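Trainee: Build me a model from this:
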Amino acid sequence: MGLGAVVRRTEHGIPHILARDIYHTWVNQSRTVERLLAGPPPIGPSSQARELVRGYAAGYNRYLAERTVAGLPDAACRGAGWVRPITELDVWRRAYQIAELNGGEAASYAIASAAPPGTAADPALVPAADASPRTPTGASHSPRTPAGLASNAIGIGRAASAGRTGLLLANPHLPWNGDLRLYQPHLTIPGELDVSGAGFYGLPVVNIGHNDRLAWSHTASTAQTTTMSRLTLVPGDPTSYLLDGRPRRMEQATVRVTVPRADGQLGQVSHKVYRTPDGPIVAGGSVPWSQEHAYAMRDANAGNLRVLDQTLDMGRSRDVTRLHESLTRHLGIPWANTIAADADGAAYFSGVQVVPHVSDELIGRCGSRTEYGEIVLDGSRSSCGWGSDADAVAPGLLGPGRLPTLTRTDSFNLMTDEWEPASGESLPDVAHGSSFIMAVELTAAGPRTRTLLTYGQSSNVGSPYRTDQARRYSAKRWVTERFTPAEITSDPALRVRTLRR
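Mentor: Okay, here's the model as predicted:
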C-alpha cells in the first residue's frame, strides 16, 4: 500500500570533543537500539509504531529532496554539511535518547571520562554546556534532566468543575532552544487516531496533548531511574573486578569520533569506554576510579524503546481507565508522572513509569547513598542486584502494582520547581520554564482547548512563526485551538497540501 498524507496548517504555523558525542557513538556502535528493535512487543516496537516511524522518515526525506539542502528556508541549516536524509533507525535512536535523558545521556561526561587509575586524562574531553556539575554522574538537576526541568499540571474532575466534566492544565518546563524544544502537531488517522498537543522534535508522536475525550500531561518524577554498583577490583588489575569472589574482566570498547582538527580539516580520535553487565563505568566526584574500587551505572531505561508505543497508545485511550491500562501494559514512561482528565469527569494521577526494583530492604542490606542521594549498591555480590516483579514488562523493574496511582472526581495539583519568565522578543537560552501551556475542557460537543507554545512553532529566525506566540504569551493572549474538521476548515489562514506516493 502506498503512503499518503494531507498536510494542513492553520494560523501560527501549527500542524571541542563533547563527551556526549563519545557516549552516543558508543551507544550506536554497541547496536543497543538495533537489538531492541529485533525483539517482539512489548520490548520491541509494534507494527503500528514501525509504520509510523517509516512514514515520518519518508516525509522528512521527501521534504529535504524537494527543497534541497541549499534551498532550506532556515539559514542555520541551509547548505550545511550535516544536513542529510534520515533513516528509520535515526528516529528510533532519537526515541532512545529521550528515554535515556536521566541516565546515560545525563551521565555522558562521567562515562566518557572514566579511565583506569594512572591513565592521563584527555584534555580535549569536555562536558556539554548543559551538563550538570552537581553530581558525579550528572544525573540530577541538569537542565537536560527531569530533576532540572520540572513542570506543572492540574487535573480537574466533575466534582470541581462547573460543567461537571474533566479539565486539564498542562505546563511543562523544557528548554526553549536545542533538542528538547517542543513543537505542536495534530495527528489524525481516520478511525484510529486523532490527537493534538506538543511533542519533541524528531519524534512522530504527541507527548503531551488530548483527543476528543481525554487530556494528559507529564511532570518530572522524583523516582531515581539509575543506581551505581560499587565494584571491588582485582588487586593489581583495575579493569577486572570480583563478583562472588570470582574475577571478571570489564568490557572495553574503542570509540572513534570525527572532530575538526586545528587545520580546519576533519579527523578521527579514539577513546575507550568501559562497562560491566550492569552498565558503563562512571567516574568523578564521590565515585572515583581507584586501585580498589570502580563504579558502574545501571540505568532502568537502558532497555526502554517502548516510548513511542506508549505515547501512541495513550493518544488512543478514551478515558482514564484505559489510560491506566495503557501505562501498565507498556511501562514505557521513562522519567515522568502522568496527570489526566477525561470527558466523564475523572481526574487521574499516575506514577507508573520505569523504576528499578530497589527496595528499602535491598538498600539497607547492600547499599548506601552518595552525598547527592544517589543509590550505591554492592557490586561484588550477585545477591545485591535488582529484584523483579511478575507484572513488569522486563526483569529488574518495579511492576505497575507497586507504583502509585489515584483517580478522583475533584482535582489534582502537581507542581515541581520554579521558573523565571524571559523578557523581550529575543529567545534567550532559557534552561527551563513555561514552554507549552495547554488548557483543555472536555465537553460533550468536543474539546475546547487553548494553547501557547511560548517561543513559537519555528526556530527559524526568518519565520513569521518564530516569535508570534512569544508575543501572545507576553500579552497573556491564548491561541484557540482548532481540533474538529469544521474548526480547521473554517480557518481563513488554512493551507492544504496533499502528498501521495
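
Trainee: Please, where are all the helices along this protein?
Mentor: 19-29, 32-37, 47-67, 88-99, 108-112, 146-149, 307-316, 320-330, 360-366, 468-474, 485-489 (DSSP state H).

Trainee: Thought Arg450 was touching Glu481, still the case?
Mentor: Yes. When contacts are counted by C-beta atoms under 8 Å, Glu481 is listed as touching Arg450 (6.6 Å). C-beta here means a position set from N, CA and C on the backbone, and glycine is covered the same way.

Trainee: More neighbours: which of those two?
Mentor: More crowded of Glu481 and Arg450, by other C-beta atoms under 10 Å: Glu481, with 23 against 15.

Trainee: contacting residues around the more buried one?
Mentor: Counting by C-beta atoms under 8 Å, 6 or more residues apart in numbering, Glu481 touches 196, 447, 449-451.

Trainee: Phi, psi for it please.
Mentor: When read as degrees, to the nearest 10, the backbone of Glu481 gives phi -70, psi 140.

Trainee: hmm, back to that, I'd like to know which of the helices of the chain is closest to Val234.
Mentor: Closest of those to Val234 is helix 360-366, at 20.5 Å (criterion: C-beta to C-beta).

Trainee: pLDDT weak spots in the stretch 351-500 of the chain?
Mentor: By pLDDT under 70, the low-scoring segments of the stretch 351-500 of the chain are 416-432.

Trainee: hmm, 80 instead?
Mentor: For the stretch 351-500 of the chain, residues meeting the criterion pLDDT under 80 lie at 372, 415-433, 500.

Trainee: Just the strands from it, written as ranges.
Mentor: For the stretch 351-500 of the chain, strands defined by DSSP state E, counting those that start in this stretch occupy the ranges 367-369, 375-378, 405-408, 411-416, 436-443, 446-453, 479-480, 495-500.

Trainee: Return the member of the contacts of Glu481 nearest to Asn152.
Mentor: Among those, and counting by C-beta to C-beta, the member closest to Asn152 is Thr451, at 15.1 Å.

Trainee: what's around the closest one, how many residues?
Mentor: A count of nearby residues for Thr451, using other C-beta under 10 Å, gives 22.

Trainee: cool, and Leu397?
Mentor: For Leu397, the neighbour count with other C-beta under 10 Å is 26.

Trainee: try Gly202
Mentor: Residues near Gly202, counting by other C-beta under 10 Å, number 17.

Trainee: what about the closest residue in space to it that isn't next to it in sequence, distance to Ile437?
Mentor: Counting by C-beta to C-beta, 6 or more residues apart in numbering, the nearest residue to Gly202 once its immediate chain neighbours are dropped is Arg94, at 4.2 Å. Distance, Arg94 to Ile437, by C-beta to C-beta, to the nearest Å: 25 Å.

Trainee: Buried deepest among the strands of the stretch 351-500 of the chain, which one?
Mentor: Ranked by mean neighbour count, those are led by strand 436-443 with a mean of 22 (mean count of other C-beta atoms under 10 Å).

Trainee: tell me the contacts of the most centrally placed residue in the chain?
Mentor: Centroid-nearest residue in the chain: Ile98, 2.8 Å away (criterion: C-alpha atoms, centre = their mean). By C-beta under 8 Å, 6+ apart, Ile98 lies in contact with 200, 203, 307, 334.

Trainee: can you rerun that using 7 Å?
Mentor: Ile98 is in contact with 200, 307, counting by C-beta atoms under 7 Å, 6 or more residues apart in numbering.
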